[in-house]
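Asks: I'd like to go over a predicted model; first the sequence, then the structure.
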Amino acid sequence: MDTADPLTHDLQPSNATPATVRKAIILAAGVGDRLRPFTEHLPKCLAPVNGVPILINALEHLATVGIEEVVLVVGHQKEAITERIGVKFNGMKIRCIESEQYATTNNIYSLWLARDHLDEDVLLLEADVFFELGLLKHLLSHTEGSLAAVSKHQSWMSGTVVSLDSGGNIQALLGSQNQDEHFDYSTVFKTVNIYLFRGEFLRRYFVPHLEAHIKSGDIDEYYEVILHAMAYRRKHNLRAVRCDDYKWYEIDDDNDRIAAEYMFANQEQRYDFINKQHGGYWRYDFSDHAYLYNLYFPPKTVFTHFKHNLRDLVLNYPVAQSVLARLVGTLINQPPESVVVGNGAAELIKIICARVRRRLIVPVPTFNEYENAVDPERLVRFPLRAPSFDLNIEAFAAEVARSEADVAIVVTPNNPTSLAVPRDDLLELAKRLESLDCMLIVDESFVDFSSQPDERTVLGHLGQHPNLTVIKSMSKSHGICGLRIGYLVTANQNYSSEIRSGVDIWNLNSFAESFLRLAPRYRREFAASCVRVRADRDQLYEGLCTIEGMTVYKPEANFLFCRLPDDAPSGPKIARSMFVTHNIFIKDCAGKSMPDSDRYLRIAARTQPENSVLLESLKSLLASQSRSPGA
């Protein structure tokens, strides 16, 4: 008995010269509702991926592998296809068959319209699959049997999947309706929707079943139902060709199209794309040393809770601000009336900046959102001088008085410098600003990663200073960026009421609420996670310090602030090269308000193995790209 593992088995290509396949059929009749508004004027198959329409990509590859004739089954916006393709394409004869019932039928009917061409070896493709040439060559290198291109299932895939026996034969084709919440995707493969059917298979088995379905009125089905029935009854083996190492993407909507553009872009293009994004990095395969969050929290039991309560969390309204304030107050040991909970700290920053009466002053460089959210005419930047980037509270207070600022922001530990302001200095600054009628807002989003967080935070001193407020992003400290939770705390009831009046009634969703209910149970786990973060950060700090000429600032947050060696390229060039050459994303500081900003990098610490890879990659890059004297 053959005990080969179907999860690792792959049909081996033949060493013989591939049999000639001269014809391909492409099904391109569908409306493509999910790709609107594009499909209101053009067919889905002409949607571009990096400027190349899906259909053009397929035709170019078919011509390259020697296909002589392509049969296109068209329907929706058929004129656009015939005008674009014509009757010849790269030497191939193009024959179009029109489906007049395209709006009320499915691909089984489209294929039936092309039945006169199902009498020889033929490639069958769906017109919504963008794929690379190597995949087609790999499929055609297998010279025996009817074949289906399949790929190991990944999270972005949807639609028909197949199960295989130990010989690589398809046992079953399972549509989306057969994939419930308990479905195990680790044991199946996704169909690429590219098939190589042999003439005998088509004439003796497939076409008779196809005609039987059509005669019985099953015109709104997928042709895969025939393949499933044949596989189940073992009437004729359809063999799988693993294409895990080849790029392809099935495009149903614009999100798919954008994902495909990233997949098929080169690294330079990918960097330009990612550099314009503000998140969603988990969808892309690179090492993220840019975003700043706790990798070790929340624990798995939190996600288990979400999973078990998913239906209720999605279907029901979350609580409003008063309950949210109580939940956060319980977590941080503060009275609810002092707390305002935001959809991330970013929501609260917008509200704070919109309510500045005279001026807002902020030491720079710092988190750009404070500078971006306030009216430029009301913004005062207080430079933190290199090389120390320390905050001089006497000079800062003097500038508050001179500018008549009514709101002062201090981020500690600061972003991007990763440096912290001593608590005693902050309390002294609050005292000085009180006489100037200026609210001091201390952003402590990274304080849990500092070496002594309990001695850094001013949270326990709010009652002594009515002009002192703390703002914090839990996204960073608790590793819940997608939940979007931030909060503001102040003993000044008038100020908390003013900020609270700016938030929507349901500004947090039920997942965020549920997390806040769970978080107090995991205080020990959270503290332990921060210890691990600090260990990772310190390891990366020590490694970066070994780079000759690199200035590395002693960090208090979960990221490192570095000045590049004088003979190194600029920060933007290094950041780009790290991504292009090593698939590692870091942040340069060229957009920060500081002199020589393009000479600095901000690097998020990840796990120690990942940090080691980054360190070696950066060392290699600097060694290869260092500028010669006078360059």
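Replies: That came in fine, so what should we check first?

Asks: ok, for Arg357, nearest residue in space, not its chain neighbours?
Replies: Spatial nearest neighbour of Arg357, excluding adjacent residues (CB to CB, 6 or more residues apart in numbering): Asp406 at 5.2 Å. Yep, even glycine has a C-beta here, placed from its N, CA and C like the rest.

Asks: again with Leu135
Replies: Nearest one to Leu135, counting by CB to CB, 6+ apart, is Tyr246 at 3.7 Å.

Asks: and what of Lys93?
Replies: Glu69 (4.5 Å).

Asks: Tell me how many other residues surround the residue nearest to Leu135.
Replies: Using other CB atoms under 10 Å, Tyr246 has 18 other residues around it.

Asks: what's the answer for Gly549, then?
Replies: 12.

Asks: go on, Leu516?
Replies: Under the criterion other CB under 10 Å, the count of neighbours that Leu516 has is 24.

Asks: same deal with the one 5 residues further on?
Replies: For Arg521, the tally of surrounding residues (other CB under 10 Å) stands at 11.

Asks: do the same with the one 4 residues further on
Replies: The number of residues packed near Glu525 is 16, by other CB under 10 Å.

Asks: Excluding covalently adjacent residues, which one is nearest to it?
Replies: According to CB to CB, 6+ apart, the nearest residue to Glu525 is Pro299 (5.2 Å).

Asks: hang on, the earlier thing: let me know whether the residue nearest to Lys93 touches Gly91 as I believe.
Replies: No. With contact defined as CB atoms under 8 Å, Glu69 does not reach Gly91; the gap is 10.4 Å.

Asks: And these two? Which one has more around it.
Replies: Higher neighbour count among Glu69 and Gly91: Glu69, with 15 against 9, using other CB under 10 Å.

Asks: dump the residue contacts of the residue nearest to Lys93.
Replies: 22-24, 92-95 (CB atoms under 8 Å, 6 or more residues apart in numbering).

Asks: now, which of the residues you listed sits nearest Thr64?
Replies: When the contacts of Glu69 are ranked by distance to Thr64 (CB to CB), Met92 comes first, at 10.4 Å.

Asks: So what does that closest one have for phi and psi?
Replies: Taking degrees, to the nearest 10, you get phi -90, psi 140 for the backbone angles of Met92.

Asks: again with Ile441
Replies: phi -110, psi 120.

Asks: and it, how many neighbours does it have?
Replies: Ile441 has 24 nearby residues by other CB under 10 Å.

Asks: Please apply the same query to Lys88.
Replies: 9.

Asks: What of Lys137?
Replies: The number of residues near Lys137, taken as other CB under 10 Å, comes to 15.

Asks: Remind me which helix or strand it belongs to.
Replies: Element membership of Lys137 [criterion: DSSP states H and E] is helix 133-140.

Asks: which is the next helix or strand following that helix?
Replies: strand 146-152.

Asks: Which elements pack onto that following strand?
Replies: The contact analysis (3 or more CB pairs under 8 Å, 6 or more residues apart in numbering; DSSP states H and E) places strand 146-152 against helix 133-140, strand 161-164, strand 189-197, strand 238-242.

Asks: buried set for that strand?
Replies: 146-151 (16 or more other CB atoms under 10 Å).

Asks: Please apply the same query to stretch 421-438.
Replies: Per 16+ other CB under 10 Å, stretch 421-438 contains these buried residues: 421, 423, 425-427, 429-430, 432-433, 438.

Asks: Excluding chain neighbours, what is closest to Pro383?
Replies: Val364 (6.1 Å).

Asks: mind listing what that neighbour touches?
Replies: Here Val364 is in contact with 371, 381-384, 592-594 (CB under 8 Å, 6+ apart).

Asks: Just the residues contacting the one helix or strand Ser497 maps to, thanks.
Replies: Applying DSSP H and E as the criterion places Ser497 in helix 493-500. The contact list for helix 493-500 (CB under 8 Å, 6+ apart) reads 321, 337-340, 348, 351-352, 355, 439, 469, 488-490.
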